[in-house]
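Asker: Requesting a structural model of the entry that follows:
(chains A, B and C)
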Amino acid sequence: MGVSIRPLLEGCRHPVSFGDIPGVAAIDANNALYQFLSIIRQADGTPLQDTRGRVTSHLSGLLFRTAHFLENGIMPFYIFDGPPPEFKAKTIAGRRGIREAGEVEWVKALERGDTDAAYRAAMQSTRVDSAILGSGKRLLDALGIPWMEAPSEGEAQSASFVNNGIATYSVSQDYDSLLFGATVLVRNLTVSGKRRIGGRQVTISPERIYLSEFLETLGITREQLIQIGILIGTDFNEGIHGIGPKKALKIVREGRFSDVMAEKAPDTDPEPIMEFFLFPPVAEAYQPEWKPPDPDQIIGILCDEYGFSTERIHPVLERIAGPQKGQSGQMRLDAWN
DNA sequence: CGGCTATA
DNA sequence: TATAGCCGG
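Answerer: So this is what the prediction gives:
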């Protein structure tokens, strides 16, 4: 879920459209796959799947979104999560509980004939498993889109790439990369402005957030932003009951972070969490390469293996072949410097 | 989610 | 030309 600092971002969320943000996008891959899996479903919650029952929602999402990225000069670079830190165990267990409850509720809702509830429960049951990760990576390879596995948290790696110039901005629905220090975060980077949330449609548009502006607006440092995160809860600690973003901001501004933690969360040592956000394990040197898409491989995976119709894939192949035309050899990062 | 078709 | 709705796998 990430850290819930949304209410503090008023005035710092700048609307953008696809054409406004050419450059290298360091994308939180697990987050992107999760979004595809949870949203690309039929009305009753059934995901797209092949005849053998293997889920394909994420492949559809990755394919069409990649075409949009390339058409707009956005060079996607997918960053997958590596092994989580030990102190994320509670969060991971909590998510599993929510998923399992979702699976149970999905069946119940279907039995009642409550389609909307079934859809919501199905979304809750979403799990990015190894089959999803594996097929997603294979499709990215076929598309010529670079990806890497981070030593630890993907958001931390994305932030590092943004700050050392390998990427132009970080892409995620979560705000964690701000705590990890990413100077630019783009959220809601989707084509269609409409999304189904629960029963109804909500209009969502892409937005860009600059960390420096955000911190200046609040009049705090990044360390203080991390303190706010720790007070309200991050993926690495539970947070204090009754303290939300507004109260946390007040506490931090008044320099009462340590006192409040000692009083209200004596069992939580904030130090390792602060350290993790400030100095997470990341790979420094990595040179992403964008290669021409391999149409045969794309067709092989999507159509031959997973039963996509060639009629639907063919137009996409033309779209993604376009941006590469006239390029000699591989498209590299240098092209953007 | 995003492509496509029907509809105005 | 814009948009609501349906379908994909």
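Asker: So which residues on the stretch 1-150 of chain A come close to DNA strand C?
Answerer: By Cβ under 7 Å from any atom of the strand, the residues of the stretch 1-150 of chain A that approach DNA strand C are A:40-42, A:46-50, A:56, A:60. Where C-beta positions appear, they are placed from N, C-alpha and C, glycine not excepted.
Asker: Is it possible to mark the buried ones in these?
Answerer: For these, a burial check counting by 16 or more other Cβ atoms under 10 Å picks out A:40-41, A:47-48, A:56, A:60.
Asker: Give the buried residues for stretch A:93-109.
Answerer: A:95, A:102, A:105-106, A:109.
Asker: Throw the buried ones among the residues of the stretch 1-150 of chain A next to DNA strand C into a markdown table and include secondary structure, thanks.
Answerer: Putting these into a markdown table (DSSP: H, G, I helix; E, B strand; the rest coil) gives the following:
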| residue | secondary structure |
| --- | --- |
| A:40 | coil |
| A:41 | strand |
| A:47 | strand |
| A:48 | coil |
| A:56 | coil |
| A:60 | helix |
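Asker: DNA strand B next: which of those residues are close?
Answerer: Applying Cβ under 7 Å from any atom of the strand, the subset of these adjacent to DNA strand B comprises A:40-41, A:60.
Asker: in what helix or strand does residue A:208 lie?
Answerer: Under the criterion of DSSP states H and E, residue A:208 resides in strand A:207-210.
Asker: Just the CA atoms of that strand, as CSV, please.
Answerer: Listed next in CSV are the C-alpha coordinates belonging to strand A:207-210 (Å, rounded to 0.1, in the frame of the first residue of the first chain):
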residue,chain,number,x,y,z
GLU,A,207,0.3,13.9,-12.0
ARG,A,208,3.9,14.9,-11.4
ILE,A,209,5.3,15.6,-7.9
TYR,A,210,8.6,17.4,-7.2
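Asker: Now the following helix or strand past that strand: buried residues?
Answerer: Toward the C-terminus, strand A:207-210 is succeeded by helix A:211-218 as the next helix or strand (DSSP H and E). Neighbour counts over helix A:211-218 (16+ other Cβ under 10 Å) mark A:211, A:214-215, A:218 as buried.
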